[in-house]
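Enquirer: I would like to see how this sequence folds:
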Amino acid sequence: MELRTDADHLVGTAPAGGPCNLSGAEQVLTGDFQDNVFVGKVTVCQTGEACELSETYPVLLVYNIEDRALAGQVKLEVGCESAALGPHGLLVLRAETQEAPQGAPPTPPPAA
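Expert: Numbers count the residues shown, from 1 in each chain. The predicted structure follows:
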């Protein structure tokens with residue numbers, strides 16, 4: 001997922017393909033940071049008998065500065081599952097590994 005920020009606002013775009021087999025890049029994450037907490041919404045593909053093919057859910061993610069990761073749980077509707085999420089609806093977004101110069105300040109949230 002490509003993440004872009006404008007001040008405290010974050011937008012995530014998923015590339016074509018992936019676990020949801022998207023036909024093209026799509027915006028799937030949007031919201032705002034409040035300190036190290038991200039409050040927004042995420043759109044996921046899902047499977048299940050009474051489930052839409054994709055659905056947008058509210059999400060609260062916590063940013064871990066040391067791991068450069070956003071993580072939180074997405075509470076799907078009962079009976080729905082998503083290949084884009086980990087066990088129990090866990091969503092984890094990690095920055096690509098980049099070595100910071102020794103003595104450099106901690107890296108802010110992705111592109112923030």
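
Enquirer: ok, so what distance separates the residue positioned nearest the centre of the chain from Glu77?
Expert: By Cα atoms, centre = their mean, the chain has its centre lying nearest to Leu93, at 5.3 Å. Noted for Leu93: a distance of 22 Å to Glu77, by Cβ to Cβ, to the nearest Å. Glycine gets a C-beta too; all of them are placed from N, C-alpha and C.

Enquirer: With Gly18 instead?
Expert: 21 Å.

Enquirer: Leu53 now?
Expert: On the measure of Cβ to Cβ, Leu53 and Glu77 end up 13 Å apart.

Enquirer: what's the answer for Ala7, then?
Expert: For Ala7, the distance to Glu77 under the criterion Cβ to Cβ works out to 33 Å.

Enquirer: who has more neighbours, these two?
Expert: Shown here are Ala7 and Glu77; by other Cβ atoms under 10 Å, Glu77 has more neighbours (12 against 8).

Enquirer: for the nearest residue to the more buried one once chain neighbours are set aside, helix, strand, or coil?
Expert: Setting aside the residues directly before and after it, Glu77 is nearest to Cys51 in space (Cβ to Cβ, 6 or more residues apart in numbering), at 6.4 Å. Remark: Cys51 carries the secondary structure label coil [criterion: DSSP: H, G, I helix; E, B strand; the rest coil].
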